[in-house]
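In: model this:
(2 chains)
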Amino acid sequence: DTAVSQTPKYLVTQMGNDKSIKCEQNLGHDTMYWYKQDSKKFLKIMFSYNNKELIINETVPNRFSPKSPDKAHLNLHINSLELGDSAVYFCASSPPGQGRNEQFFGPGTRLTVL
Amino acid sequence: RKEVEQDPGPFNVPEGATVAFNCTYSNSASQSFFWYRQDCRKEPKLLMSVYSSGNEDGRFTAQLNRASQYISLLIRDSKLSDSATYLCVARTGNMLTFGGGTRLMVKP
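Out: Next up is the predicted model:
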C-alpha cells in the first residue's frame, strides 16, 4: 500500500528514558514533517525536512532530534523524556513544488510518559 | 491570540441538517487554506482546499474572505458519517498552521 507509516503505534515509557519513532513514506514525496498533537487536540508543526535537509524547526526542546537518512524516512529521537512529552506524534509528507499541496499524515504514535 | 481560531463546538445536529463552521486566521501572509477532517484517534485527512471564489465538493462548500481573514465550511444534508473534527488550516510558505478543530456530531 502507498502511504505514510509510523512505528510504533503506541509507546509507553518512563520519565528520563530515550525513545525513537520511525516514519517512512513510499509516495515519492520530497518533504516530510513531524507534528505533535497534545491533549487539547492542537496539532503543531515541530520539524520539516526537504530532501533530507532541515527547513522548519519550530520552538522544540533540544531533547527532540529528527534524523532523515534519506528522503523517504524521517525519524524522531527524544532524549530524557518528560511527562509533558505525552501526546500523539504525527509524521506527514507532501509532494514537491509550491502551491496548494496536500499533506498526507501517518496514523500517529501515541506516546505516554509515566 | 492563536494564528488560526475555530469554535471547538461540539455542534450536535440531526441527520439531514445543514451546518456551518467558521474560522479566522491572523497571518495576512498566509497563501492558501484547507479544511482537514480528523476522526477520533485517527490522522487528519484533507477534505478540501479553499479558494477565494468559493468551491463546492458534493455536499461541502468552502469559502474564503481574504479581506476579513475568514474561512467557512458548509455541510448540507449531514450524514452520520460526517461526525468528526474539522480542522481549519492556513499555509504560509512550507508551513501549515492548524486551528484547534470544530467537533461535529450528527445524530440519527
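
In: Tell me what the residue most central in space within chain A is bridged to.
Out: Computing the C-alpha centroid of chain A and ranking residues by Cα atoms, centre = their mean puts A:Trp34 first, at 2.9 Å. Here A:Trp34 shows beta-bridge partners A:Phe47, A:Cys91, assigned using DSSP bridges.

In: hmm, the helix or strand bottoming out on mean pLDDT in chain A touching chain B?
Out: Sorting the helices and strands of chain A by mean pLDDT, DSSP states H and E puts strand A:53-57 at the bottom, at a mean of 82. Yes - with Cβ under 8 Å from any Cβ of the partner chain as the criterion, chain B is reached by strand A:53-57 at A:55-56. Every residue, glycine included, has its C-beta placed from N, CA and C.

In: could I have the helix or strand that that strand is followed by exported to PDB, CA atoms only?
Out: Using DSSP states H and E, the helix or strand that follows strand A:53-57 in sequence is strand A:64-70. In PDB, the C-alpha atoms belonging to strand A:64-70 read as follows (Å, rounded to 0.1, in the frame of the first residue of the first chain):
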ATOM      1  CA  PHE A  64      14.000  16.300  20.200                       C
ATOM      2  CA  SER A  65      16.300  15.400  17.300                       C
ATOM      3  CA  PRO A  66      15.000  14.500  13.900                       C
ATOM      4  CA  LYS A  67      17.100  12.400  11.500                       C
ATOM      5  CA  SER A  68      16.500  11.900   7.800                       C
ATOM      6  CA  PRO A  69      18.700   9.100   6.400                       C
ATOM      7  CA  ASP A  70      17.000   9.500   3.000                       C
END
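
In: The residue nearest to the centre of chain A reaches A:Lys44, doesn't it?
Out: No - counting by Cβ atoms under 8 Å, A:Trp34 stays clear of A:Lys44, with 9.9 Å between them.

In: OK, contacts around A:Val4?
Out: The contact partners of A:Val4, by Cβ atoms under 8 Å, 6 or more residues apart in numbering or on different chains, come to A:23-25, A:27, A:91-93, A:104-106.

In: Please repeat the previous calculation with a cut-off of 6 Å.
Out: By Cβ atoms under 6 Å, 6 or more residues apart in numbering or on different chains, A:Val4 lies in contact with A:25, A:91, A:93, A:104, A:106.

In: Does B:Asn12 touch B:Val106 like I think?
Out: No - in this structure, B:Asn12 is not within contact of B:Val106 by Cβ atoms under 6 Å, at 8.2 Å.

In: Could you check which helix or strand contains A:Met32?
Out: strand A:31-37.

In: So what touches that strand?
Out: A:43-50, A:74, A:76, A:87-94.

In: the inter-axis angle of it versus strand A:64-70?
Out: Put simply, strand A:31-37 runs at 150 degrees to strand A:64-70, going by axes from the mean of the first three to the mean of the last three Cα atoms, to 10 degrees.

In: ok now strand A:31-37, how far from the chain's centre?
Out: 4 Å (Cα atoms, centre = their mean, to the nearest Å).

In: repeat for stretch B:50-64
Out: The answer for stretch B:50-64 is 10 Å, by Cα atoms, centre = their mean.
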